[in-house]
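Chemist: no letters, just coordinates:
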């Protein structure tokens with residue numbers, strides 16, 4: 001089994017990722033959390049916990065890790081300083097440590113609108129931080145997939161999405177469907193070094209991702 005480090009595991013999307021990984025026969029999830037009081041939730045589910053802060057030393061956190069899912073984030077509603085610390089510098093910190101440790105692939109949860117942050121003034125600082133992190137990942141020589149969903153909802157998993165390098169529209173998608181896409185990107189040569197957007201849709205997730213692969 002491969003070890004998958006999930007940064008931001010205690011967030012709403014991160015918890016969904018952990019649930020999917022737990023049910024997967026090929027992966028063993030490791031929940032990376034910042035505070036010790038966040039550990040009990042995962043320990044009660046028999047999930048390994050790595051206590052580490054994105055703003056700190058991550059050298060030990062990535063040792064023995066095969067692949068990484070970055071599901072951490074401020075959501076754009078915190079102050080600019082915190083957004084830069086987590087969404088930009090925290091992501092860059094983990095990317096660099098993952099590369100040094102020989103991690104095989106890095107799956108990044110980004111955001112729709114990142115290519116042109118000025119189009120959404122209320123989230124501009126958040127999207128700029130995300131873009132900087134995404135660009136750093138692309139230049140890192142790590143194998144990666146960058147997933148850019150629309151607005152995240154608490155809806156149920158549908159296993160139906162629309163996906164494209166650029167959808168040229170805004171919309172919503174459930175966290176559960178996003179979590180599934182993040183896990184689907186883990187295998188080698190699946191959406192390798194691809195950046196794409198996703199929204200709720202009518203096409204089965206597997207088929208939608210195959211279309212991105214073919215059209216990229």
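Modeler: Great, that's in hand. Owing to the predicted nature of the structure, the values given are computational and were not obtained by experimental measurement.
Chemist: contacts and neighbour counts: CA atoms only from here.
Modeler: Will do.
Chemist: ok, which stretches of the chain are helices?
Modeler: Remark: helices assigned in the chain by DSSP state H are 12-22, 39-43, 80-83, 91-101, 124-138, 175-184, 205-215.
Chemist: packing partners of the last one?
Modeler: For helix 205-215, the helices and strands in contact under the criterion 3 or more C-alpha pairs under 8 Å, 6 or more residues apart in numbering; DSSP states H and E are strand 160-164.
Chemist: partner strands of the strand it packs on, parallel or antiparallel?
Modeler: Note on strand 160-164: by DSSP bridges, its sheet partners are strand 194-200 (antiparallel), strand 203-204 (antiparallel).
Chemist: what sits up against the shortest one?
Modeler: Residues external to strand 203-204 that are found in contact with it (C-alpha atoms under 8 Å, 6 or more residues apart in numbering): 159, 160, 161, 162.
Chemist: neighbours of residue 25, how many?
Modeler: 9 (other C-alpha atoms under 10 Å).
Chemist: any idea which residue sits dead centre in the chain?
Modeler: Centroid check for the chain by C-alpha atoms, centre = their mean gives residue 109 as the closest residue, at 2.8 Å.
Chemist: what sits opposite the nearest residue to residue 18 once chain neighbours are set aside in the beta ladder?
Modeler: In space, and not counting its chain neighbours, residue 18 is closest to residue 29: 6.3 Å by C-alpha to C-alpha, 6 or more residues apart in numbering. Note on residue 29: beta-bridge partners by DSSP bridges are residue 4.
Chemist: residue 29 touches residue 47, doesn't it?
Modeler: Yes: if you go by C-alpha atoms under 8 Å, residue 29 and residue 47 touch, sitting 6.6 Å apart.
Chemist: the more surrounded of these two?
Modeler: residue 29 (28 against 19).
Chemist: ok, the more buried one to residue 49 distance?
Modeler: Going from residue 29 to residue 49 by C-alpha to C-alpha, to the nearest Å gives 9 Å.
Chemist: which neighbours do those two share?
Modeler: By C-alpha under 8 Å, 6+ apart, no residue touches both residue 29 and residue 49.
Chemist: picking that back up, OK, contacts around the residue nearest to the centre of the chain?
Modeler: 69, 70, 71, 72, 146, 147, 148, 149, 182.
Chemist: and residue 163, by the same measure?
Modeler: 196, 197, 198, 199, 208, 209, 211, 212.
Chemist: so which of the residues you listed is surrounded by the most neighbours?
Modeler: Greatest neighbour count in the contacts of residue 163, by other C-alpha under 10 Å, goes to residue 198: 29 neighbours.
Chemist: stretch 155-167: which residues count as buried?
Modeler: 158, 159, 160, 161, 162, 163, 164, 165 (16 or more other C-alpha atoms under 10 Å).
Chemist: got the residues you listed as JSON lines, with distance to residue 128 and pLDDT columns?
Modeler: Shown next, in JSON lines, are these (distance: C-alpha to C-alpha, whole Å; pLDDT from 0 to 100):
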{"residue": "158", "distance to residue 128": "30", "pLDDT": "96"}
{"residue": "159", "distance to residue 128": "30", "pLDDT": "95"}
{"residue": "160", "distance to residue 128": "29", "pLDDT": "97"}
{"residue": "161", "distance to residue 128": "26", "pLDDT": "97"}
{"residue": "162", "distance to residue 128": "24", "pLDDT": "96"}
{"residue": "163", "distance to residue 128": "22", "pLDDT": "97"}
{"residue": "164", "distance to residue 128": "21", "pLDDT": "96"}
{"residue": "165", "distance to residue 128": "19", "pLDDT": "94"}
